[in-house]
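Novice: Provided below for reference: sequence and predicted model.
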Amino acid sequence: MLLWLLMNIYKNIVKFFRKNKYEYYFGFGADSETAMIESIIGRKPEYIGPAILKNYQLCIQNLDDISTYGANPREILRKAWGDNFKSYTIRQHKNESLSGSIFKITSYERKMLDAWELVPEGWQKSVKIKAVAKDGKTYFARTQCLPMGHDHGYTTSGTNYNPWLMPKKDFMRIAINDSKRYESYVY
């Protein structure tokens, strides 16, 4: 009983600090759009502006390119999106660049974004990056990228791309419905 009580106190302390500590997030693809981030975190984020991430390459994964290890992110995505799912992802790659957006969000909200990108299930990993905004200011931020050794699908231009690989309305609907599972990951 005491252990349960201490764990609940700990979770509440962590939750308090995550909800009151701000950080920067670099979003690409659909996550570069304010409306998408809002659908995931439940409020309009503070939009800092467009930015470039150097030494990362934009890739497109089809469902068959996604890992089946661990919690089987491929099956999770199939259930939500169907067999025609495809998504942007990124991987480290020298001399490549990627355009996206910088947002200021809470640490709690960033963990919600990690849950949306199936970080706990092993599809993506959360990484610290350095992005340069249009005004030249450097932001130390977080984003998600593929873990080493995962199939990246095929590469595409990281600049001037359509952020929506799947219908926007589906992104919004699934993000809002999916947010029910975030609490167990974020606490």
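Specialist: Arrived safely, thanks for sending.
Novice: in the lengthiest strand in the chain, which residues are buried?
Specialist: Ranked by residue count and defined by DSSP state E, the top strand of the chain is strand 86-106. Residues of strand 86-106 classed as buried by neighbour count (16 or more other Cβ atoms under 10 Å): 87-91, 93, 96-103, 105-106. Bear in mind the C-beta positions are built from the backbone N, C-alpha and C, glycine included.
Novice: what's the biggest helix in the chain, counting residues?
Specialist: Criterion DSSP state H: the longest helix present in the chain is helix 2-20.
Novice: need the next SSE after it, C-terminal direction.
Specialist: Using DSSP states H and E, the helix or strand that follows helix 2-20 in sequence is strand 22-27.
Novice: can you list the buried residues in that following strand?
Specialist: So, applying 16+ other Cβ under 10 Å, buried residues of strand 22-27: 23-27.
Novice: could you say what helices and strands that strand packs with?
Specialist: Judged by 3 or more Cβ pairs under 8 Å, 6 or more residues apart in numbering; DSSP states H and E, the packing partners of strand 22-27 are helix 34-41, strand 46-62, strand 86-106, helix 107-116, strand 125-133, strand 138-145.
Novice: so what's the gap between the fourth one and the chain middle?
Specialist: Helix 107-116 has its average C-alpha position 7 Å from the chain's average C-alpha position, going by Cα atoms, centre = their mean, to the nearest Å.
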